[in-house]
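Peer 1: from the sequence below, what's the structure:
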Amino acid sequence: LLGSWDHFSDRFAVPIERDNDVERRTLLAKTLKPFMLRRVKSQVAPELPSRTEVVRPVELSNEERQLYDSLRFDVLSKLDKKQGRTENQQRMAVLAAITRLRQLACHPRLVDADSSIPSSKLRATLGLIERLEEQGHRALVFSQFTGHLALLREALDFREVPYLYLDGRTSAGRRAKLVERWQECEESLFLISLKAGGTGLNLTGADAVIHLDPWWNPAVEDQASDRSHRIGQTRPLTVVRMISQSTIEEAVLGLHEKKRELARGLLEGADESGALSVDQLRELILWGSEERTESPSLEQTPIWAPPEATQPPVAEPQPGKRRAVQKLSVEAFRTFSATFIEHLREERGKGLIRTDTTLAVYTRATKRFLRFVESFQGAAKPERALTEWGTLYLEALELGTFDAPHSESAVARTVIRRMERVHKSEIRNSSR
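Peer 2: Numbers count the residues shown, from 1 in each chain. Got it, this is the predicted structure:
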């Protein structure tokens with residue numbers, strides 16, 4: 001029906017994938033239609049909640065940008081020296097170079113293990129994860145690079161954030177136990193390698209999916225996201241793609257739409273970048289450089305905005321007879337912090353805090369705040385209103401003068417607002 005591979009390639013594959021030949025694509029679809037039955041998810045499970053997909057653009061730091069541009073220049077210089085290589089050899093060299101650039105767009109340590117340059121994408125991911133935890137969401141995190149997941153695990157371990165982990169080395173028995181633990185809501189974060197966890201898992205306990213890096217074929221990512229968006233899901237699902245701006249990741253994202261269009265016409269897209277020529281692959285490397293000025297517009301879509309974007313700021317203490325009561329010494333703050341943590345536990349028991357993970361995040365943030373206040377022990381002005389302590393703490397976090405996670409500011413603001421409410425309640429009770 002379709003002939004040999006050479007015949008099929010000449011008649012259909014090359015014209016459709018490289019030349020975007022609509023006539024050939026229509027002819028192929030017409031040829032295959034009598035032999036294929038397609039049932040889409042909306043027909044099989046119309047009761048499924050909505051699925052929203054957003055792109056989270058990540059701007060590289062100056063150091064990361066210099067490193068990325070340097071590697072890109074080095075790669076292009078070497079590729080320009082063909083040295084009599086065959087088309088296939090050139091192609092393999094370009095693909096190897098692209099892999100290094102894609103890794104560098106994720107984290108400098110994926111290319112240079114000894115690099116001390118921090119990753120903007122890791123920082124953005126940690127911030128997103130903390131906001132998800134605050135608001136009671138549960139997330140699956142996918143990456144094609146297990147090394148990338150290892151770096152994320154290192155950061156989560158440092159912050160004492162619990163999670164589950166699965167990759168290609170996980171045994172079948174262990175996979176089943178991890179899935180069971182996830183569905184029983186033991187943790188709120190599940191890190192999974194894309195190829196190991198993209199199929200065969202039922203993870204409807206998640207209402208968020210984070211893709212740390214884009215894969216060539218969007219269908220592979222869609223299959224991974226569908227581990228959660230399937231029969232049994234009762235909550236709307238949000239899929240977030242973390243994309244480093246002006247890098248090859250934007251180019252790969254641009255390929256996604258072309259492959260989805262092909263899938264709509266032929267039911268299934270290509271699994272790899274095999275349809276691209278060496279020159280087309282070289283264009284991917286140039287993406288974001290001065291030689292290539294066109295790039296897709298990545299709209300800054302709010303994703304689980306931090307509390308300060310939706311909550312009013314903490315009110316300043318009012319002058320008057322209660323002002324002295326509002327002043328807290330370091331010792332008084334230590335006592336109040338213990339009371340506040342007990343209050344958080346009571347809120348968890350009443351369901352006002354939705355998950356144990358959220359309770360743990362708030363508790364850790366409270367203890368960090370206390371350590372900051374204790375650093376003023378013996379200072380000239382050891383007494384301040386709670387809002388004054390909070391302002392000093394937030395400023396220290398923003399300036400990086402206090403050792404805390406990059407995303408601590410968002411959590412701290414939420415905790416400080418809750419502390420204000422509890423403190424004001426104590427003041428009202430004491431004044432009666």
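Peer 1: residue 195 reaches residue 168, doesn't it?
Peer 2: Yes. Contact criterion Cβ atoms under 8 Å: residue 195 and residue 168 qualify, at 6.6 Å. For glycine as for every other residue, the C-beta is placed from the backbone atoms N, C-alpha and C.
Peer 1: which one's more surrounded, these two?
Peer 2: The residue with more neighbours, out of residue 195 and residue 168, is residue 195; 15 against 9, by other Cβ atoms under 10 Å.
Peer 1: can you tell me which residues contact that one?
Peer 2: 144, 168, 220 (Cβ atoms under 8 Å, 6 or more residues apart in numbering).
Peer 1: take those and keep only those in strands.
Peer 2: The members of those all map outside strands under DSSP state E.
Peer 1: show me which of these has the smallest pLDDT value.
Peer 2: By pLDDT, residue 220 ranks lowest within the contacts of residue 195, coming in at 81.
Peer 1: distance of that one from residue 100?
Peer 2: Separation of residue 220 from residue 100 (Cβ to Cβ, to the nearest Å): 21 Å.
Peer 1: show me where the stretch 51-200 of the chain has its helices.
Peer 2: Counting by DSSP state H, counting those that start in this stretch, residue ranges of the helices within the stretch 51-200 of the chain are 62-80, 87-106, 120-134, 146-158, 172-183, 194-197.
Peer 1: likewise the stretch 301-432 of the chain?
Peer 2: Going by DSSP H, counting those that start in this stretch, the stretch 301-432 of the chain shows helices at 323-326, 330-350, 356-374, 386-399, 408-431.
Peer 1: from residue 98, how far out is residue 281?
Peer 2: 6 Å.
Peer 1: revised request: answer the last question for residue 114.
Peer 2: Distance of residue 114 to residue 98, computed by Cβ to Cβ: 23 Å.
Peer 1: again, but for residue 145
Peer 2: 13 Å.
Peer 1: and residue 55, by the same measure?
Peer 2: 20 Å.
Peer 1: cool, residue 218 as well?
Peer 2: Using Cβ to Cβ, residue 218 is found at 17 Å from residue 98.
Peer 1: same question, residue 14
Peer 2: Residue 14 is 21 Å from residue 98, where distance means Cβ to Cβ.
Peer 1: so which of these two has more stuff around it?
Peer 2: Taking neighbours as other Cβ under 10 Å, residue 14 and residue 98 compare with residue 98 leading, 20 against 15.
Peer 1: need the contact list for that one.
Peer 2: 248, 281, 284, 285.
Peer 1: now name the helix or strand holding the last one.
Peer 2: For residue 285, the enclosing helix or strand under DSSP states H and E is helix 278-286.
Peer 1: buried sites along that helix?
Peer 2: Within helix 278-286, the residues that count as buried by 16 or more other Cβ atoms under 10 Å are 278, 281, 282, 284, 285.
Peer 1: lowest-pLDDT helix or strand in this structure?
Peer 2: Here the helix or strand of the chain ranked lowest by mean pLDDT, DSSP states H and E is helix 323-326, holding a mean of 47.
Peer 1: of the buried residues of helix 278-286, which is the nearest to residue 48?
Peer 2: residue 284 (34.5 Å; Cβ to Cβ).
Peer 1: tell me how far the spatially closest residue to that closest one that is not a sequence neighbour lies from residue 188.
Peer 2: For residue 284, ignoring the flanking residues on the chain, the nearest one in space by Cβ to Cβ, 6 or more residues apart in numbering is residue 251 at 4.4 Å. Residue 251 is 33 Å from residue 188, where distance means Cβ to Cβ.
Peer 1: repeat that for residue 409.
Peer 2: Relative to residue 188, and taking Cβ to Cβ, residue 409 is found at 21 Å.
Peer 1: neighbour count for these two, which is higher?
Peer 2: Neighbours were counted for residue 409 and for residue 188 using other Cβ under 10 Å; residue 188 has more, 27 against 19.
Peer 1: and the more buried one, what is it in contact with?
Peer 2: 132, 133, 137, 138, 139, 162, 355, 357, 358.
Peer 1: okay, these in CSV with neighbour count, distance to residue 120 and pLDDT next?
Peer 2: Formatted as CSV, the contacts of residue 188 follow (neighbours: other Cβ atoms under 10 Å; distance: Cβ to Cβ, whole Å; pLDDT from 0 to 100):
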residue, neighbour count, distance to residue 120, pLDDT
132, 23, 19, 90
133, 25, 21, 87
137, 22, 23, 90
138, 21, 25, 92
139, 22, 20, 93
162, 14, 25, 91
355, 18, 28, 81
357, 23, 25, 79
358, 22, 26, 81
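Peer 1: residue 94: which of the residues you listed is nearest?
Peer 2: Relative to residue 94, the closest of these is residue 139; by Cβ to Cβ it sits at 34.2 Å.
Peer 1: ok, that closest one touching residue 190?
Peer 2: Yes. Residue 139 is within contact range of residue 190, at 7.3 Å (criterion: Cβ under 8 Å).
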